[in-house]
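> can you look at this prediction? I've put the sequence above it.
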Amino acid sequence: MKFTYRIPIEWSLCEEVTVEAESLEDAIQLANEVPLPSNGEYIDGSFEVREEIVEECNPFIREVRRIDTTPRDQLPLLIGKLKTEEAQRYLETRIKELST
C-alpha cells in the first residue's frame, strides 16, 4: 500500500540587500528587518531533509506502527479509533490481508 508522505526539507540561499544607514550596526539591524528576497543563489550543500520532524508532518506513521504491533485478533478493535484516514485505510487493508 502506498502512502502520500510530506517530507520537510530546507536549503539556504544567499542574496544581498541594499539599505541606507548611519552605521554598519544600523545597516545590519535594517537588513534583519527587510522582507525575504524572492530570488537568490542556492548555497551548495545546504539542502537537507529534516528527518527529525518527519513524524510531525505525517501523524499517520505512529498509527501505522501501532497497527503493526497490535496482535492480529485485536485489530478489529481499532476500527473507528484511529485519527487519520491513511491509518484507517491501512488498517482495513491489513485486516483483509490477514483474513485471506
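Right, received. Where do you want to start? Residues are numbered from 1 along each chain as shown.
> using the three-state scheme, assign the spatially most distant residue from the centre of the chain.
In the chain, Glu22 marks the outermost C-alpha relative to the chain mean, sitting 42.3 Å out by C-alpha atoms, centre = their mean. Assigned by DSSP: H, G, I helix; E, B strand; the rest coil, the conformation of Glu22 is coil.
> start the count at 21, not 1, going forward
With the count now opening at 21, the last piece we talked about shows up as Glu42.
> read off the pLDDT value for it.
On pLDDT, Glu42 comes in at 97.
> centre of the chain to the longest helix seen in the chain, how far?
If you go by DSSP state H, the chain has its longest helix at helix 105-119. Relative to the chain's own centre, helix 105-119 is displaced by 24 Å; criterion: C-alpha atoms, centre = their mean, to the nearest Å.
> now do the buried residues in it.
For helix 105-119, the neighbour count (16 or more other C-beta atoms under 10 Å) marks 106-108, 110-111, 114 as buried. Quick note: C-beta positions are derived from backbone N, CA and C, even for glycine.
> how many neighbours does the residue nearest to Ser66 when sequence neighbours are not counted have?
Ranked by C-beta to C-beta, 6 or more residues apart in numbering and with sequence neighbours excluded, the top spatial neighbour of Ser66 is Ser32, at 3.8 Å. Per other C-beta atoms under 10 Å, the neighbour tally for Ser32 reads 13.
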